[in-house]
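J.: Task: produce atomic coordinates for the following.
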Amino acid sequence: MTKRPCFIPLCALAITVFGTSAHARTLNAIRADGTLRILASSDLYPFTFVTGGTSAGFEIELLTAIATDLGLKVDIQHAPSNALFQALQDDKADVAVAALAITSTREQKVDFTQPTLCATMSIISADPKLQVSTDLEGKTLGVTSGTLLETYVKHLDFPKTIKVYNNISDMTLALFSKQIDATFGYTIQKSFLAKVYPKYPVVFSPPLFSVPVGMALAQNNLGLRAALNIGLIKVMHDGRYDKLNQKYFNADLHCKHS
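T.: Numbering: from 1, shown residues only. Sure thing, here's the model as predicted:
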């Protein structure tokens, strides 16, 4: 069951009653250290990536802005997506970002902030005929280990071949070299990938479904979760979030609530 957003007064109560994870650094410990440890993917354009030896991307800038408001410096490290949750559980990072879709299955391992954005998913291929999931019957599909799409592809109810890669760069190379027929990605990555890989044009299908994306942290670290949520609300209301949206996506990715 998906967790409901924690409203600020309830969060404060929960911090008092339940405390935090036995392993995760508390908000007070993070403040005492003065540094927020961030773990992110290094090749997920335009969410989080490395360019010229510097960490960049929508989620990096967003989280850095929140940390700055909290009076914290940031220590940004990079790891494959399938290593992020274990790093949080082992207290090797305070928060992880990699365009992480919020799902009930993942919430059994980690906690999430309120959504930072909502984005649609598309098929990515070199074949314009691949428009919907059923077009992938009999195809070879690539996914990265530990991602939402690995689970999604495995549950597609038709014959297909699945190749699992440790990182996005390897999977992208497999697509360009025609080792796989297709993969999946966020629809909003289309223009950015065209800039990064201009010699390898790819086709994005129409959006298949939408998912909320959030920042992950160790379970029950409620003080840090509340602080990040409050910081996210501030950034969303003072114009900085909209500027980042336009800079990286040229689109409004606010989650629309009915």
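J.: switch to C-alpha atoms for all contacts and neighbour counts from now on
T.: OK.
J.: contacting residues around stretch 231-239?
T.: With Cα atoms under 8 Å, 6 or more residues apart in numbering as the test, stretch 231-239 has contacts from 62, 65, 66, 67, 69, 70, 116, 241, 242.
J.: please redo it, this time with the cut-off set to 10 Å
T.: Contact partners of stretch 231-239, identified using Cα atoms under 10 Å, 6 or more residues apart in numbering, comprise 62-63, 65-70, 113-116, 225-230, 240-243, 254.
J.: Let's see which of the residues you listed end up in strands.
T.: Among these, no member falls in strands (criterion: DSSP state E).
J.: Going through these, which ones are buried?
T.: Among the contacts of stretch 231-239, those classed as buried by neighbour count (16 or more other Cα atoms under 10 Å) are 62-63, 65-67, 70, 113-116, 225-230, 241-242, 254.
J.: Just to check, residue 116 is in contact with residue 60?
T.: No - assessed by Cα atoms under 10 Å, residue 116 is found out of contact with residue 60, at 11.9 Å.
J.: Tell me which residue lies nearest the centroid of the protein.
T.: Centroid-nearest residue in the chain: residue 99, 1.6 Å away (criterion: Cα atoms, centre = their mean).
J.: From residue 68, how far out is that residue?
T.: 21 Å (Cα to Cα, to the nearest Å).
J.: swap in residue 195?
T.: With Cα to Cα as the criterion, residue 195 and residue 68 are 30 Å apart.
J.: And the strands in this structure?
T.: 35-40, 43-44, 48-51, 54-56, 73-78, 95-101, 111-112, 117-125, 140-144, 161-165, 182-186, 203-204, 209-217.
J.: among those, which is nearest residue 24?
T.: Ranking the strands of the chain by proximity to residue 24 (Cα to Cα) places strand 209-217 first, at 8.6 Å.
J.: strands paired with the closest one, and their directions?
T.: strand 95-101 (antiparallel), strand 111-112 (antiparallel), strand 117-125 (antiparallel) (DSSP bridges).
J.: Thanks a lot, see you next time.
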